[in-house]
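In: This is a predicted model, with the sequence first.
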Amino acid sequence: MRNQALQEFLDAAKLAYSFRARDLNSVSLVERVFATLEAPAPQSTSDSGRLPVCQYLTDIAESSASDESDLRQVMKTFLRIEPLLRWRRRQGDWSGASEGFAEKHANAMIVGPGGLEPREDIGLGVSLLGPNVRYPDHRHPPEETYLVMSAGDFRQGQLDWVHLAGGETFYNPHNIVHAMRSSDLPLLAFWALKE
Ligand SMILES: [Fe+2]
């Protein structure tokens, strides 16, 4: 029922997320997300499509070729499903975004509303930022754990930015205002959401 390439990506993501979740909230969220994902839902037949910023995917794939086998597997399996994804610009409020944000970012839902496996009970997706891009401040009811594939900065509210290296995770409690930004290099980060 589930596309095999998607299943392989989800297996790789589960392994990396479970290994790399640090705080107890992240651990609990990751367990709930991947337990929910054990039951597949019908696959989407909607169109895929890239945005201009997707040109950076090749660079990211090369630069994130880390020594860590779990991350390599996430990237390898992600690149197989990436052509099936429908990349989109962020919907809604762009407050705090850097100049030219429209052309310098893209999001894709993998499993969740509008994703390859559309469903309402979880969200697992990906954000791509070109170099030197600040993503808008935003908030949402579900809790969230990011898994960062290339280095970037993350923050909550007006707190200091926290620098994360590739392979690190970042937990956002429900409804907290949060943002991310890239450095001189593009940023690719997965996010897992569940109410
Ligand atoms: Fe978020």
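Out: Sure, I can see it. Numbers count the residues shown, from 1 in each chain.

In: At the geometric centre of the chain, which residue do we find?
Out: Nearest to the geometric centre of the chain sits Phe190, at 1.9 Å (C-alpha atoms, centre = their mean).

In: Next, that one: secondary structure please.
Out: In three-state terms, and counting by DSSP: H, G, I helix; E, B strand; the rest coil, Phe190 is strand.

In: Let me see the contact set for it.
Out: For Phe190, the contact set (C-beta atoms under 8 Å, 6 or more residues apart in numbering) comprises Ala13, Val74, Leu124, Gly125, Val126, Tyr146, Leu147, Met149. Bear in mind the C-beta positions are built from the backbone N, C-alpha and C, glycine included.

In: quick one, helices of the chain?
Out: With DSSP state H as the criterion, the chain has helices at 4-20, 24-36, 57-63, 69-81.

In: Kindly report which one of these carries the lowest mean pLDDT.
Out: Ranked by mean pLDDT, the helices of the chain bottom out at helix 57-63, which scores a mean of 85.

In: Put the alpha carbons of it into PDB.
Out: The C-alpha trace of helix 57-63 is given here as PDB (Å, rounded to 0.1, in the frame of the first residue of the first chain):
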ATOM      1  CA  LEU A  57      19.700  20.000  -3.300                       C
ATOM      2  CA  THR A  58      22.700  18.700  -5.200                       C
ATOM      3  CA  ASP A  59      25.100  20.800  -3.100                       C
ATOM      4  CA  ILE A  60      23.400  19.700   0.100                       C
ATOM      5  CA  ALA A  61      23.600  16.100  -0.900                       C
ATOM      6  CA  GLU A  62      27.300  16.400  -1.600                       C
ATOM      7  CA  SER A  63      28.200  18.500   1.400                       C
END
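
In: Now it: buried residues?
Out: Buried positions in helix 57-63, judged by neighbour count with 16 or more other C-beta atoms under 10 Å: Leu57, Ile60, Ala61, Ser63.

In: For these, could you give me TSV that also reports distance to Asp184?
Out: Output for the buried residues of helix 57-63, formatted as TSV (distance: C-beta to C-beta, whole Å):
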residue	distance to Asp184
Leu57	17
Ile60	13
Ala61	18
Ser63	11
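
In: Closest one of those residues to Pro118?
Out: Leu57 (22.8 Å; C-beta to C-beta).

In: Wait, Arg89 touches Glu103, no?
Out: No - using C-beta atoms under 8 Å, Arg89 is not in contact with Glu103, being 9.0 Å away.

In: show me the contacts for the residue lying closest to Lys76 once chain neighbours are set aside.
Out: Counting by C-beta to C-beta, 6 or more residues apart in numbering, Ala12 is the residue found nearest to Lys76 once chain neighbours are left out, at 7.6 Å. Contacts of Ala12 were listed using C-beta under 8 Å, 6+ apart, and they are Asp70, Gln73, Val74, Lys76, Thr77, Phe78.

In: next one: Leu37
Out: Contact partners of Leu37, counting by C-beta under 8 Å, 6+ apart, are Leu10, Lys14, Val111, Ile122, Leu124.

In: quick one on the thing from earlier: quick one, which of the contacts of Ala12 are buried?
Out: Asp70, Gln73, Val74, Thr77, Phe78.
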